[in-house]
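Enquirer: Predicted model follows, preceded by the sequence.
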Amino acid sequence: MSATLAVRLIEPLVFVASIIVLVKLSLPYANPLLVTFRPVVRTFTRRNYFIYIMIGLAVILADTILTAIDHRFTERVVALFGQDFTELIWRIEGEWVAVFQRWTWAPLTWFLAWAYVIVFSAAVPWTMAVFDYLGETRRNVAVLVGYIMNYLLVLPFYIAFPVRECHAYAPGGRQFVRLALDDLHPAIMQVLRPLSGIDNCFPSFHTSLVVTMALFAWDSGRKAFAAVMSVMMISIMFSTLYLGIHWATDVAAGVVVGVLAWFLGERLGGKLWARWSRRSLAAD
């Protein structure tokens, strides 16, 4: 069995197990299996849950298609400006990100790889599972809208403002940071790459999405949920720098996008939920 295939087989298992653990930490007195799998069952019995899943899959599909044709947009930008915008980011911050790799520790690398790869992917379903258990339908609609807004806000930059990942930039032929995921195994990034263009760096989507989810968690009134999400938010933001993927500028811009996406999610999600509620009452 190839290493890439092994990662593809193991990742879904770790993903599900991680959601169960994160749910347990977020809702200490709830049954984590019930909280995790009840929304899955409801996908087949409730129309709105099926819509949630379809929208989420549509965003993932759109991202996969964009990544596959991303080089075409980059070629046009380079033809127009003579280069991409990595040099601009380099001039702004230099090799400051290299500070995060001056001291590395294998257990920390494994933890941050888990946060970057698995927890990031689990952030939305984890959040929605918690709100489902709490009966917060309006918030789940807001979370979904916030997720979509995150992608729509970063998309124009990925198309028209290509910035290469730190490890892929070598000023003067000198690589100043390495891709720390490769310290674990190159197959990890090989599996991720179809969903992550190497020059889709600014803003950091990892940062923006977890900031949005953290704001929803803070607003939930559940201290354990907010605390766990906060730890994961900080871990994921740190991981993007430690692993040699994002620039500090990407992370800063990601925070701004995350806050804006949360705001739009709250406003637009609330309006959509109110409209659906009125339709349901009218149907009854």
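Expert: That came in fine, so what should we check first?
Enquirer: Per-residue confidence, residue 51, what does it come out as?
Expert: Per-residue pLDDT puts residue 51 at 82.
Enquirer: now do the one 10 residues further on
Expert: The predicted structure scores residue 61 at 89 on the pLDDT scale.
Enquirer: what's the burial count for residue 144?
Expert: 22 (other C-beta atoms under 10 Å). For every residue, glycine as well, the C-beta is placed using N, CA and C.
Enquirer: Quick check: it touching residue 264?
Expert: No. Residue 144 is not in contact with residue 264 according to C-beta atoms under 8 Å; the separation is 11.7 Å.
Enquirer: Does residue 21 touch residue 33 like I think?
Expert: No. The pair residue 21 / residue 33 is not scored as a contact, 11.3 Å apart, by C-beta under 8 Å.
Enquirer: The two: which is more packed in?
Expert: Shown here are residue 21 and residue 33; by other C-beta under 10 Å, residue 21 has more neighbours (16 against 11).
Enquirer: Next, the contact list for that one, please.
Expert: Residues in contact with residue 21 (C-beta atoms under 8 Å, 6 or more residues apart in numbering) are residue 32.
Enquirer: State the helix or strand in which it lies.
Expert: Using DSSP states H and E, residue 21 maps to helix 3-26.
Enquirer: buried stuff in that helix?
Expert: Residues of helix 3-26 classed as buried: 7, 11, 16, 18-26 (neighbour count, 16 or more other C-beta atoms under 10 Å).
Enquirer: and what of stretch 30-44?
Expert: Under the neighbour-count criterion of 16+ other C-beta under 10 Å, stretch 30-44 has 32, 35-36, 39, 42-43 buried.
Enquirer: ditto for stretch 137-153
Expert: Buried residues in stretch 137-153 (16+ other C-beta under 10 Å): 138-151, 153.
Enquirer: Other residues contacting that stretch?
Expert: Contacts for stretch 137-153 (C-beta under 8 Å, 6+ apart): 48, 52, 55-56, 59, 62-63, 124, 127-128, 131-132, 203, 205, 208-209, 212-213, 216, 220, 257-258, 260-262, 264-266, 268-270, 272-273, 276.
Enquirer: roughly how far apart are residue 174 and residue 98?
Expert: Between residue 174 and residue 98 the distance is 11 Å, computed by C-beta to C-beta, to the nearest Å.
Enquirer: These two - which one has more neighbours?
Expert: More crowded of residue 174 and residue 98, by other C-beta under 10 Å: residue 98, with 14 against 7.
Enquirer: quick one: low-confidence parts of this protein?
Expert: 273-274, 276-284 (pLDDT under 70).
Enquirer: which residues in it form strands?
Expert: Counting by DSSP state E, the chain forms no strands at all.
Enquirer: and the spatially most central residue of it, how far is that from residue 256?
Expert: Closest to where the C-alpha atoms of the chain average out (C-alpha atoms, centre = their mean) is residue 206, at 3.9 Å. Counting by C-beta to C-beta, the separation of residue 206 from residue 256 is 14 Å.
Enquirer: distance of residue 115 from residue 271?
Expert: Taking C-beta to C-beta as the measure, residue 115 falls 33 Å from residue 271.
Enquirer: cool, and residue 153?
Expert: Going from residue 153 to residue 271 by C-beta to C-beta gives 18 Å.
Enquirer: got it, and residue 159?
Expert: On the measure of C-beta to C-beta, residue 159 and residue 271 end up 28 Å apart.
Enquirer: How many residues are close by residue 86?
Expert: With other C-beta under 10 Å as criterion, residue 86 counts 20.
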